[in-house]
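S.K.: Provided below are the primary sequence and the corresponding predicted coordinates.
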Amino acid sequence: MEKSKKWPQILIGIVLLSAGIFVGKIWFNPPVAIPLPVAYTNNEGGNTGVIPSSYDPVNGKIIEVKDGDKIQDAVVEAKSGDLIRVYPGVYNETVYIDKDGITLQGVTINSEWAILDGQSQLNDAFLYSGNNITIENFKIVKYKGNAIMGQAGNNYVIRNNWIIDTGVYGIFPQFGKNGLIEYNILSGIEDAAIYVGMCDNVDVKFNEVFESVAGIEIENSRHALVESNYVHDNTGGILVFITPGLPIKTTFDVIVRNNFVVNNNTPNFAIPGSMVSSIPRGTGIVIMAADDVIVENNIISGNINAGIAITDLSFGAQISKDPDSDPYPDRLVILDNFMHNNGTDPIEEIKVAMMTQFSELGPDIVAVGGGTGSTIRNRNQYRTFGIGGYGEATITNTKNVKTFLLDEMVQPRSITASERAKLTYYGICAGCHAYDIKMIGPPTKIIQALYKDNPEGIAEYAANPVKKRQDFAEMPPQKHIDDETRLEVAKFMLSLTK
Amino acid sequence: MRKGFFTAALLLGATVLFIRFNYALRDHDAIIQLCDTCPPGFELTSDNECEPRNLYMMYSSLNDKGVGGLKTALPAVRAGFSPQQIDLGRYLFFDPVLSKDGTISCATCHDPDKGFSDGLAQSVGIDNYVLPRSAPSLWNVAYMQRFFWDGRATTLEEQMKGPLYDAHEMGNNPDSLLATLNGIEEYQKLFSIAFPERRGHEITLPEIYKAIAAFESSLISLNSRYDQYAHGYADALSPKEKEGLNVFRSFVARCAECHTPPLFTNQQIAVLGTPDPEGMPFDAGAQIPMNDSTFRGGFKVPSLRNIEKTAPYMHSGRFKDLRETVQFYTDGRGHAVPENEELIIHWHIWEPNLADHELDRLVDFLKTLTDETFKPKIPDQIPSDLNSKLAN
């Protein structure tokens, strides 16, 4: 929608920028010290690539779900460490997992899958907030929102799922650290098939994504490896960018390597107003405002607009600015890639840019807008526009980065039982009990006198209180506090001296 | 019989004397005694500071931003006030003497019995002046990084100068505020207790601001049924409420994208295109303080905690209840934008086509965010009142 207004400005920008760089080079020829990319230097020695689900293997019971059962019932029953095996059948439900350490596994028999079918009515197939969640081997079709959406779960594995037409996104972990997304096949998604949003330490590997608006999106995330994916027939293939206005403001330290990024020429069918609605069709890789992105050894071909498009935040979707987000892509590194037959039918604005370079062919690589410190290796192998300011790459490969997965699982904040008791006493109990003044409930001091050496008595009473005193309101049951913590709180109450 | 009566009278007299004596020792003859313990939700440290304690301190959050899912840490908190400062702040908060003509206190628009708002679409200031926007709730402001609907203040101190000195709100000015409070003996005594290390006897503006900020920072609501669910008690929510939670966090409704747990705000500015009340001019919102037209019509994403208590909704109270409010989001991107306005509507505002029962479930869920267990007590007497009584 709005892109048509913007692109003429881009064109003028490109022309001015090219001219400026050309003149600048002649006049000043400044020596530029290019720093090594963060992705490279931070990983000297490298992570070794421990798959999150293997830190904490399934060690509980196995719960089987058969056609006609509800997967959610199994989740309700499951405890951390349990494996839920879902047998072939069609399951019309939204499964939500608000607990840790659950593995959900589809079982395929005779080529029959465990299918979650939203029937174009349900919003999401899987929603999880727990840590150490694995979801694998499901076929997921016809949801309105997502196939798999995570909110804040760490150490997640999303593997070998077959996802078709699940609405806005296919796989969407958000606010999670240390995740692996591999061997999934996704198509027919109206925004991004795989959308890594506000995450840290993610590997996205061996997936096939096609016939979606965006194939793979790395957004406001750090330490991400996008490797060995087959990304074809989308509007745009792989996107690495910053969306302004989100609470986590940066994207950096991303490696895009060994992917096939081919023929991403599907007309844009995104929802108006969405971030991806302004992606011109035929764009292989888009890097917008992200820093320290390395693009290496990809096969990028047949993308009719451009192989790689690099922009700052002034182009693209109409969106409110964000004073807390740096709008420029800095310190990008383009290494050796095989690029062929890109830019055969670029958008008008690029065509005009081509004219300024007397080129009849569109770009393998086009860069518009600001940004500093970027480099490229063997630039003459590509047809480029707007990267005159790029220096020579100081690295040749990223071999030393095997993964961005952590060597150790992200641990929950370590907290002792007595610390938990203290937080519970001051955070909950203190609403009614003060040490020596009467509030809604009797003072702690009086409780101490009544239950001397009997914390069990307090814990029990708090779970099932009865009306005892005329001058106080009846206590509401505190069953929401687990038994162990309730007893610890009782001990803590008895130990207080003020 | 007579003997018993006599003994009782003697004891009573002794008690009264004892209490008076204690007052004199501890509070320099102040009639009001400032609380020396922290409000609920806080632990008193050996430095006489109140530090927050809640179950969200068991968790961490990505990049320490305090946004995420159920078991996610809260954002950075404003804390470290003394119990006395918090309690002094409480007296100031409820005292209309802070306004120009002694008619309006902070609590007039931030009434604890109305979710620390006032139940009005647009708040009413001095001389019954109808203000353009509604009064935001103060629950959990200790965790907020921006204040006012348009986000123009970044500290509570900066924020409170707005209503205190706005000609249409409390109508006061710094000189007159200082003169008034310094003219009240009880306040002089209370300030010297709350700020024991200061030199001189005069009450200063930073002390006033600090005490009010201390009280506001003590208004904690983190014990709703939602919180019980988040901490792991699955039975805290009914099936309908869980269904509502799933609609809320789904990427169809997208509520949780901006009203992100655990605070139920991501603290950003968003342009929604909500309508102003009939006859009111278009409110440019954050465009003005940010001096950026891309924020035209933008407002701070409010926390939804205790949202049930703060109808009507949106910056100028256009929606009378929660059902009407959630309906807005499904009526279509930009449907209420005036014809002559071109707003950059937030990308999450789209056409989710939520079914009626989904909207009902959303309302069910929003009501699980209600928790007023730490509601502070309204003071029985306030220093300015005492002053006038003593003077008579």
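M.R.: Yep, it's here.
S.K.: ok but residue B:327 is inside a helix, no?
M.R.: Yes: assigned with DSSP: H, G, I helix; E, B strand; the rest coil, residue B:327 falls within a helix.
S.K.: not counting sequence-adjacent ones, nearest residue to it?
M.R.: Counting by CB to CB, 6 or more residues apart in numbering or on different chains, residue B:327 lies nearest to residue B:359, which is 6.1 Å off, once chain neighbours are set aside. In this view, the C-beta of every residue, glycine as well, is placed from N, C-alpha and C.
S.K.: and residue B:254, by the same measure?
M.R.: residue B:348 is the one closest to residue B:254 (CB to CB, 6+ apart), at 4.6 Å.
S.K.: check contacts around the one you found.
M.R.: Shown in contact with residue B:348 (CB atoms under 8 Å, 6 or more residues apart in numbering or on different chains): B:254, B:257-258, B:270.
S.K.: host element of it?
M.R.: Following DSSP states H and E, there is no helix or strand that holds residue B:348.
S.K.: which residues in the stretch 201-350 of chain A form helices?
M.R.: For the stretch 201-350 of chain A, applying DSSP state H, counting those that start in this stretch gives helices covering A:348-356.
S.K.: quick revisit: mind checking which of the contacts of residue B:348 are in strands?
M.R.: Cross-referencing those against strands under DSSP state E gives residue B:270.
S.K.: redo the contacts of residue B:348 as a markdown table? Include pLDDT, neighbour count and distance to residue A:388.
M.R.: Output for the contacts of residue B:348, formatted as a markdown table (pLDDT from 0 to 100; neighbours: other CB atoms under 10 Å in any protein chain shown; distance: CB to CB, whole Å):
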| residue | pLDDT | neighbour count | distance to residue A:388 |
| --- | --- | --- | --- |
| B:254 | 96 | 20 | 41 |
| B:257 | 97 | 21 | 39 |
| B:258 | 97 | 23 | 40 |
| B:270 | 97 | 23 | 38 |
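S.K.: residues in contact with the closest residue to residue B:63 other than its chain neighbours?
M.R.: Among residues not flanking residue B:63 along the chain, residue A:248 sits closest, at 5.3 Å (CB to CB, 6+ apart). Applying CB under 8 Å, 6+ apart to residue A:248 gives the contacts A:175, A:198, A:220, B:62-63, B:65, B:67.
S.K.: so how far is residue A:91 from residue A:129?
M.R.: Per CB to CB, to the nearest Å, residue A:129 is found 20 Å from residue A:91.
S.K.: so between those two, which is more surrounded?
M.R.: Neighbours per residue, other CB atoms under 10 Å in any protein chain shown: of residue A:129 and residue A:91, the larger number sits with residue A:129, 26 against 23.
S.K.: ok, now which ones touch the more buried one?
M.R.: A:96-98, A:150-153, B:69-71.
S.K.: need the residues you listed in CSV (columns: distance to residue B:301).
M.R.: Compiled in CSV, the contacts of residue A:129 are given as follows (distance: CB to CB, whole Å):
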residue, distance to residue B:301
A:96, 24
A:97, 26
A:98, 23
A:150, 22
A:151, 17
A:152, 18
A:153, 23
B:69, 17
B:70, 19
B:71, 22
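S.K.: which members of those residues occur in helices, if any?
M.R.: Using DSSP state H, no member of these falls in helices.
S.K.: kind regards, and thank you for your time.
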